[in-house]
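Enquirer: Model the structure of this input:
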Amino acid sequence: MGLADIHIHTIYSYDATTTVRGILKQASSVGLNVIAITDHDDIRGAFDARELAAQYNLEVIPGVEVTTKDGHLLALFVDQIPPRGLSLDETLKHIGGMGGIAVAPHPFNQLPGSLSMDKVISTLTKPALKDVLRGIEIYNMTTQPFDEKVQKISVYLPFAKTAGSDAHVYWAIGTGMTEFDGKTASELRTALENATTIPHPYEEDLMRKYIFNWLRRITLRRLGYVSNHSEIEETIQTQRMDLRFTRKQRVKVKRKTKS
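Expert: Residues are numbered from 1 along each chain as shown. I've put the predicted structure just below:
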């Protein structure tokens, strides 16, 4: 059986604090076989990770956490960014057209960016969409207090059940893990399509620790420091980020704010 974390953010997400190499190092250290990089409306981190993954004995699924009109959606096995701001149905059509599949992250709660139960269940009546939306995240480390509803309802739904860290800090990677038959990304896809995945519940209540640590690290990021490592043998450390990258990300955030 293999272990995967299919909801991870790199510094290509404006609110995350770990470089691609830092993520690969941590994922390898905690024994994962497959990870998905799912930055907010950005796929560059996934491509970078896929090129480096073999050095860490990992496989990387290229993905995106897409901002739809109805809430966030994880697009997996895609090589392009689905358009943001469309309805859930329209976004799923785009993902399917690219040969990808999707997972509903942290759904059925009142948090911003979460898909409603009605929206997710409505896809089951639409054959073209239910073949794309394959999974539902029932354990999300960053939304622990809000996951009880989806855990109860998911028992009655035909979606594959997953757990994801939604990591925006490096040490959170692997705190949400999905077990599957096999070790490779293609075998994980088969497990998602056949709804045979096994989500691992949290081992402890990490919410408070996570929030305070994220606040400290996102402040450091604003000052130009991120979690990174340069060589395979090195541990992850707080290092200064390339200022050119920082400026590009600030411009991107400002443009999103205006839009």
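Enquirer: all strands in the stretch 51-200 of the chain, in order from the N-terminus.
Expert: 59-68, 71-76, 101-104, 133-140, 160-164, 177-180, 198-200 (DSSP state E, counting those that start in this stretch).
Enquirer: Dump those to JSON lines, plus distance to Ile11, mean neighbour count and mean pLDDT.
Expert: Glycine gets a C-beta too; all of them are placed from N, C-alpha and C. Below are those laid out as JSON lines (distance: least, Cβ to Cβ, whole Å; neighbours: other Cβ atoms under 10 Å; pLDDT from 0 to 100):
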{"stretch": "strand 59-68", "distance to Ile11": "14", "mean neighbour count": "24", "mean pLDDT": "97"}
{"stretch": "strand 71-76", "distance to Ile11": "19", "mean neighbour count": "25", "mean pLDDT": "97"}
{"stretch": "strand 101-104", "distance to Ile11": "22", "mean neighbour count": "27", "mean pLDDT": "97"}
{"stretch": "strand 133-140", "distance to Ile11": "20", "mean neighbour count": "25", "mean pLDDT": "96"}
{"stretch": "strand 160-164", "distance to Ile11": "18", "mean neighbour count": "27", "mean pLDDT": "96"}
{"stretch": "strand 177-180", "distance to Ile11": "22", "mean neighbour count": "24", "mean pLDDT": "98"}
{"stretch": "strand 198-200", "distance to Ile11": "26", "mean neighbour count": "17", "mean pLDDT": "95"}
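Enquirer: In stretch 198-212, which residues are buried?
Expert: Ile198, Pro199, His200, Tyr202, Leu206, Tyr210 (16 or more other Cβ atoms under 10 Å).
Enquirer: swap in stretch 121-135?
Expert: Those would be Thr123, Leu129, Val132, Leu133, Arg134, Gly135, for stretch 121-135 by 16+ other Cβ under 10 Å.
Enquirer: Turn those residues into CSV, columns for distance to Leu88.
Expert: Shown next, in CSV, are the buried residues of stretch 121-135 (distance: Cβ to Cβ, whole Å):
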residue, distance to Leu88
Thr123, 7
Leu129, 8
Val132, 10
Leu133, 8
Arg134, 14
Gly135, 14
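Enquirer: tell me the two of the residues you listed that are most distant?
Expert: Using Cβ to Cβ, the two most remote members of the buried residues of stretch 121-135 are Leu129 and Gly135, lying 13.5 Å apart.
Enquirer: for this protein, where's the lowest mean pLDDT among helices and strands?
Expert: Ranked by mean pLDDT, DSSP states H and E, the weakest helix or strand in the chain is helix 243-258, scoring a mean of 50.
Enquirer: and which of the buried residues of stretch 121-135 is nearest to Thr38?
Expert: So of these, ranked by how close each gets to Thr38 (Cβ to Cβ), first place is Gly135, at 12.3 Å.
Enquirer: which residue packs closest to that closest one, ignoring adjacent ones?
Expert: Using Cβ to Cβ, 6 or more residues apart in numbering and skipping the chain neighbours, the partner closest in space to Gly135 is Val103 (3.6 Å).
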